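A.B. asks: whatever this is, show me its structure:
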Amino acid sequence: MSTSPTISFIGAGNMASAIIGGMLASGVDAGRIWASAPDDGHLQALRNQFGVSVTTDNRYCAQQGDVIILAVKPQIMAAVCRDIAPVVQNTRPLMVSIAAGLECATLDEWLGGGLPLIRVMPNTPSLVGKGAAGLFANDQVNDTQKATVTQIFSGIGSALWVEQESSLHTVTALSGSGPAYFFLMLEALEGAATKAGMNAETARALAIQTMAGAAEMAARSEHDPAQLKRNVMSPGGTTEQAINSFESGGLRELVEQAVQAAYQRSEEMARELAGKD
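C.D. replies: Numbering: from 1, shown residues only. Next comes the predicted model:
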């Protein structure tokens with residue numbers, strides 16, 4: 001792979017747009033980026049926004065890329081992969097999939113086999129540059145290729161590698177689905193504050209800033225979450241009473257059950273998408 005690889009996106013939706021924006025912000029030349037999608041109007045808007053090259057021809061787009069990022073929905077991935085397989089079997093690019101659930105072996109089979117392939121599980125905060133992505137590489141991927149993909153996804157947040165592909169089910173259950181868990185907490189905090197007499201707009205603003213501030217403190221601190229929690233609490237104080245209520249209500253057990261349910265569904269989806277059920 002060249003030191004400045006050309007990146008081709010097959011699929012140009014919100015996540016692809018976020019990744020492209022992050023790449024450009026980190027100094028990647030727009031002339032090294034291609035994108036394909038069925039809707040030419042959408043592609044022209046993408047070109048006007050970012051200055052990247054666009055086409056409605058997936059095969060042509062794939063032919064341009066040293067790295068090909070598969071950014072289409074899992075349900076149409078098989079058709080897309082089989083369509084570009086003759087091209088990528090000839091050019092041998094690094095393949096990167098951001099589709100949830102589809103395992104490397106399944107993708108590799110659809111692409112004709114034997115290609116370096118990386119799976120990435122990003123999450124929706126990537127759209128605002130605060131994503132958390134889990135990454136896994138098959139045995140065909142070399143260190144230079146891993147570094148390239150790390151750089152790409154670091155442009156929209158954090159990019160962390162896992163050693164076992166099965167760990168991506170945990171990534172899905174933790175950071176992939178995780179934003180919805182925090183939105184639920186935000187919803188609950190706002191509801192509780194309004195019941196206590198505060199107007200909803202003020203309650204939401206305070207809850208959002210509190211969550212953002214707590215996350216930033218955790219990111220900067222050398223302490224683990226348990227210690228950070230204790231630092232807020234004082235004996236017999238308001239925080240202690242609230243935490244005791246959470247603990248006696250089984251919050252930890254509920255979180256464990258929720259993550260496990262998401263993990264199991266991720267496994268089921270992988271089998272369904274591969275046609276194994």
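
A.B. asks: would you map out the domains in the chain?
C.D. replies: 7-168, 178-267 (automatic domain parsing).

A.B. asks: for the longest helix along the chain, name the packing helices and strands.
C.D. replies: Secondary structure of the chain read by DSSP state H shows that its longest helix is helix 251-273. Judged by 3 or more C-beta pairs under 8 Å, 6 or more residues apart in numbering; DSSP states H and E, the packing partners of helix 251-273 are helix 74-91, helix 167-171. For every residue, glycine as well, the C-beta is placed using N, CA and C.

A.B. asks: switch to 10 Å and redo it
C.D. replies: Counting contacts by 3 or more C-beta pairs under 10 Å, 6 or more residues apart in numbering; DSSP states H and E, helix 251-273 packs against helix 74-91, helix 104-110, helix 167-171, helix 178-195, helix 238-248.

A.B. asks: which of those helices sits most buried?
C.D. replies: Stretch with highest mean neighbour count among those: helix 167-171 (a mean of 21; mean count of other C-beta atoms under 10 Å).

A.B. asks: what's in contact with that one?
C.D. replies: If you take C-beta atoms under 10 Å, 6 or more residues apart in numbering as the criterion, helix 167-171 is touched by 100-101, 103-104, 119-123, 132-136, 160-162, 164, 174, 176-178, 259-260, 262-270.

A.B. asks: list the contacts for the residue nearest the centre of the chain?
C.D. replies: Geometric centre of the chain, nearest residue: P122, 0.7 Å, by C-alpha atoms, centre = their mean. Residues in contact with P122 (C-beta under 10 Å, 6+ apart) are 15, 18-19, 71, 98, 100, 131-135, 153, 156-157, 159, 171, 175-176.

A.B. asks: re the thing from before, can you give me the buried ones in the longest helix of the chain?
C.D. replies: Residues A258, V259, A262, Y263, S266, M269, A270, L273 are the ones in helix 251-273 that count as buried (16 or more other C-beta atoms under 10 Å).
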